[in-house]
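**Q** A structural model of the following input is requested.
(chains A and B)
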Amino acid sequence: MRREAVIIGAGPAGMRAALTLADAGLRPLVIDEACRSGGQIYRRPPSSLRRKAEVLYGFEAKRAKALHEAFDALGDRIEYWPETVVWNVHGDRLHLLVGGQSTSISWLNLILAPGAMDRVIPFEGWTLPGVYTLGAAQIALKSQACAIGERVVLFGSGPLLYLVAWQYVAAGVDIAAVLDTARAGAGFKALPGLARGGYTFLKGVYYVAALRARGVRIISGIRPLAALSGPDAAVAGFVYRDHRGHERRIACDAIGFGYGLRSEIQLAELAGLSLAYDEVQRQWIPVGDKFGGDSGGIYLAGDGMRVRGAEIAELTGKQAALRLLANLGRNEYRSQLATIEASLHRAEAFRRALECAFPFPAHLAQELPDNVVVCRCEGVTIGALRDAVRACDVSDINRVKAFTRLGMGRCQGRVCSAAAAEIIAAAAGVRPQAVGHLRGQPPVKPVALGALAEGTAP
Amino acid sequence: MRPFDVAVIGGGIAGCSAALHLRQRGASVVLLERGQCGTQASGVNYGGVRQQGRHEAELPLSQRSRAIWARLPELVDSDCEFVVTGHIKLARSDRDMAELEAYAHKAAAHGVTLELIGNKKLRDRYPWLGMSVVGGSFCADDGQANPRLVTPALARAARAMGANIRQSSAVVNAVHRGNGFELLLDSGGTVRSRALINSAGAWGATIAAMFGEDVPEEVMAPNMCVTGPVPYFIEPNLGVVGGDIYIRQIPRGNVIFGSGLGEADRAAIRAFPSPDVTTDAARLAVALVPRLAHAQLIRTWSGIEGRMPDGLPVLGLSSTTPGLVHGFGFSGHGFQLGLAVGAVLAELALDGEPKTPIGEFAIARFLDRQSTRPNGTKPIPSKAIEEAKHA
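**A** Residues are numbered from 1 along each chain as shown, chains lettered A, B, ... in the order given. Just a heads-up that it's a prediction; the model follows:
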């Protein structure tokens, strides 16, 4: 049996798509890796942990609460498989691990809303215990009510830096410093007038002010140098260079860092969509046709199509569902579709301004010393990448992968490829898009051989 | 411009080894590779370096290759992770075991020593083997290597010796004219040579057809899998009678295994692993080595390989065109052979005859089956063909 509509991901995009399809009388199957719906941004703690939406989501509490309640109320009107990993899309089949057991299903229409993950630029010591991405730091707090440490340094760039800092401070964690790799005057202040009126801008300004009011040190224009390890081989401090060029040390027992987000693109690629390089975000994103997918019944939604945040994710989730309905001949949804597309158009303008205000600091990757590990799965150093470029005269990231093992490990390059592409491009003297992207290879996430061996027939 | 002594079409392991051997003989060489050297079957295969289990006709070539593998560091300045771990072929029934015994006899006649191991001794040595295994045959001289490294290293070494290695350079037409060959490239340029080596792998038949030799070459895409690192315990390269699963582990812990075929698209030059075949492969791997149930599959891949109907390669002089030499269609087991194939191709191009017997691989066997089979050779049994397709 081919299922009429399958949605991958139960974040804001996937949830909104499910609601829209259910309203139209379809009964979509929603597949999600987490044990509860919400995605990363609206992630919920396990039901045994009761915490208020205001504490979890801050400014987004109302929106998050409304979406959660509506989704939970769907009950039998959708089919919902939590804790399910999609490890491959092959033709019209999805290969799954449902509760650790492998199986496969077929689809007629597929909405891909797999979301995004942290974008990482390595630094010396980033593989030490106690170093987390900003997203992981936030998940620990939202999902488990845990902080990553008792005295925490947060650094990087982008709006998430200040949001996580504010959430940690509000949770009572000692934030040793918030270090921004962008120069003062960049970021929120640099947003053009159009975006300054925007909601995201107001939130950003609020977080910065609230942090300062609590006495949190915020320093901009820094360059990360190293995480220091203590006697237990875990993080004991952080070294950076300030904008005047002085080396500074801060004692801490945990570090959270990140440089915005990157789209989860492997499923789209395995489903046969081509990828294009987005020059503003400096990353590869799937290309849909004008209907947001290809004519083969694939629709893209949320941060997995391009990182634009939760508000737009929800809109694109609805858009994908409406397009699916329109393609099924449900013409009564075409006017709603036009309305959504107009709102998207407006939101898009703010978002592009935000992207330009928080550019990916590629130079930080390009200038890293040779001894820093870039691919932690396979232990590949930056020097090894540069050697391969020089000795083998290559600039294609897949060739560098073949020679060095870059991106061959369990994360399939999802963590290292953003920085690796910049390092290879700089070493080869080409633009990062000329380096290409690591080809997606199934499985998208690791699968135990035993689970495959004992899988159920479709 | 003066013609090259030899032009090589195809930068797989055979073509790159040929370029290197031609330069060792002092011939001028141009190698034309449509993509990058070693990106199809030569670069994405399993990495088995074994003589055991080969068709008897391949054993002399395989032995010659094994000697070159041992000299890899001096040839290309890297061992390409070639390790002599031994290769054990496992029997899962008494019939399988009888087959291993019969093969060991034949191999001995060629000077390949195989140690037959009974069930008890096998379990003493390899206590981690699954219960389906009843015995095995061990070739201490065999091993494994990293296929991603070997062919590019050969290409680099050949280039360092003066070979003209042209990547991203596809041959769109080739003709024999006067005393040599004229190759038309996709860039619009032409290359002239006195001799021509066709080592174009899955596209070898396309080149052969340009010289009136139509052979039935199909494509195959071996379905390959690798796990994340687990503690090192599988030292030998593992195969089975029937060839439906093959497993090796590298010292850093990853377990590489393969089984069956993925999907090959010769026109798009892409091959895709099949999730169903991957699932079967996991089942077979866990049955053979139960401890692998806890290993995590992290990646699957495939590449395009040419396959001949009898599972043996086309290797030898053209039957229509003087100076043309073929070496393609290795049917899924050309990696170990590749080094010696390069040496043989060089000999054929320069001397017109090889130092190693290759009579059974003549292209003529597909052109006129009855009349061209050399006297005294027997038709190849179909079982051997089945096995040759695997591992």
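
**Q** quick one, what contacts the residue in chain B positioned nearest to chain A?
**A** Residue nearest to chain A within chain B: B:Ala293 (3.1 Å; Cβ to the nearest Cβ). C-beta: built from backbone N, CA, C; applies to glycine. If a contact means Cβ atoms under 8 Å, 6 or more residues apart in numbering or on different chains, then B:Ala293 has A:Ala448, A:Leu449, A:Gly450, A:Ala453, B:Val286 as its contacts.

**Q** if I look at it, how far off is B:Val286?
**A** Look at B:Ala293 and B:Val286: by Cβ to Cβ, to the nearest Å, they are 5 Å apart.

**Q** re earlier: flag the least confident of the contacts of B:Ala293.
**A** Across these, the smallest pLDDT goes to A:Ala453, namely 92.

**Q** quick one, phi psi at it?
**A** Main-chain dihedrals, A:Ala453, degrees, to the nearest 10: phi -60, psi -30.

**Q** tally of neighbours for it?
**A** 20 (other Cβ atoms under 10 Å in any protein chain shown).

**Q** which ones are touching B:Ser319?
**A** So B:Ser319 contacts B:Glu213, B:Ala362, B:Ile363, B:Ala364, B:Leu367, B:Thr372 (Cβ under 8 Å, 6+ apart).

**Q** A:Gly115 too?
**A** Contacts of A:Gly115 by Cβ under 8 Å, 6+ apart are A:Gly9, A:Gly11, A:Ala13, A:Gly39, A:Gln40, A:Glu264, A:Gly302, A:Asp303, A:Gly304, A:Ala313.

**Q** and the residue lying closest to the fourth one once chain neighbours are set aside, how far from chain B?
**A** It refers to A:Gly39. If the residues on either side of it in the chain are set aside, A:Gly39 comes closest to A:Gly11, at 2.0 Å by Cβ to Cβ, 6 or more residues apart in numbering or on different chains. For A:Gly11, the distance to chain B equals 25 Å [Cβ to the nearest Cβ, to the nearest Å].

**Q** what's the local residue count around A:Gly11?
**A** 29.

**Q** that one contacts A:Ala116, doesn't it?
**A** No. If you go by Cβ atoms under 8 Å, A:Gly11 and A:Ala116 don't touch, sitting 9.2 Å apart.

**Q** intersection of neighbour lists for those two?
**A** With Cβ under 8 Å, 6+ apart as the test, A:Gly11 and A:Ala116 both reach A:Gln40, A:Asp303.

**Q** if we can go back for a sec, quick one: the residue nearest to A:Gly39 and A:Ile312, what's the gap?
**A** Counting by Cβ to Cβ, the gap from A:Gly11 to A:Ile312 is 12 Å.

**Q** residues in the stretch 351-458 of chain A within reach of chain B, list them.
**A** A:377, A:392, A:394, A:396, A:399, A:402-403, A:408-410, A:412, A:441-443, A:446-450, A:452-453, A:455 (Cβ under 8 Å from any Cβ of the partner chain).

**Q** gap between the residue in chain A positioned nearest to chain B and B:Val255?
**A** For chain A, the residue closest to chain B is A:Gly450, as judged by Cβ to the nearest Cβ, at 3.1 Å. Noted for A:Gly450: a distance of 13 Å to B:Val255, by Cβ to Cβ.

**Q** then A:Arg3?
**A** 34 Å.

**Q** got the domain ranges for the chain?
**A** Reading this off chain A. Split into domains by automatic domain parsing, chain A comes to A:2-117+A:262-355, A:120-259, A:362-435.

**Q** wrong chain, I was asking about chain B
**A** Domain segmentation of chain B under automatic domain parsing yields B:4-65+B:147-217+B:308-389, B:83-143+B:219-304.

**Q** could you tell me the least trusted of those?
**A** domain B:4-65+B:147-217+B:308-389 (a mean of 91).

**Q** picking up where we left off before, how about the residue of chain B closest to chain A, secondary structure?
**A** Following DSSP: H, G, I helix; E, B strand; the rest coil, B:Ala293 is assigned to helix.

**Q** quick check: closest non-adjacent residue to it.
**A** A:Gly450 (3.1 Å).

**Q** mind listing what that neighbour touches?
**A** By Cβ under 8 Å, 6+ apart, A:Gly450 lies in contact with B:Val286, B:Leu292, B:Ala293, B:His294.

**Q** re earlier: export the domains of chain B to JSON lines and tack on distance to A:Val205?
**A** Converted to JSON lines, the domains of chain B look like this (distance: least, Cβ to Cβ, whole Å):
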{"stretch": "domain B:4-65+B:147-217+B:308-389", "distance to A:Val205": "50"}
{"stretch": "domain B:83-143+B:219-304", "distance to A:Val205": "43"}
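
**Q** deepest-packed of these, please.
**A** Among the domains of chain B, domain B:4-65+B:147-217+B:308-389 has the highest mean neighbour count (mean count of other Cβ atoms under 10 Å in any protein chain shown), at a mean of 21.

**Q** next one: that one to chain centre, how far?
**A** Relative to the centre of its chain, domain B:4-65+B:147-217+B:308-389 is centred 11 Å away, using Cα atoms, centre = their mean, to the nearest Å.
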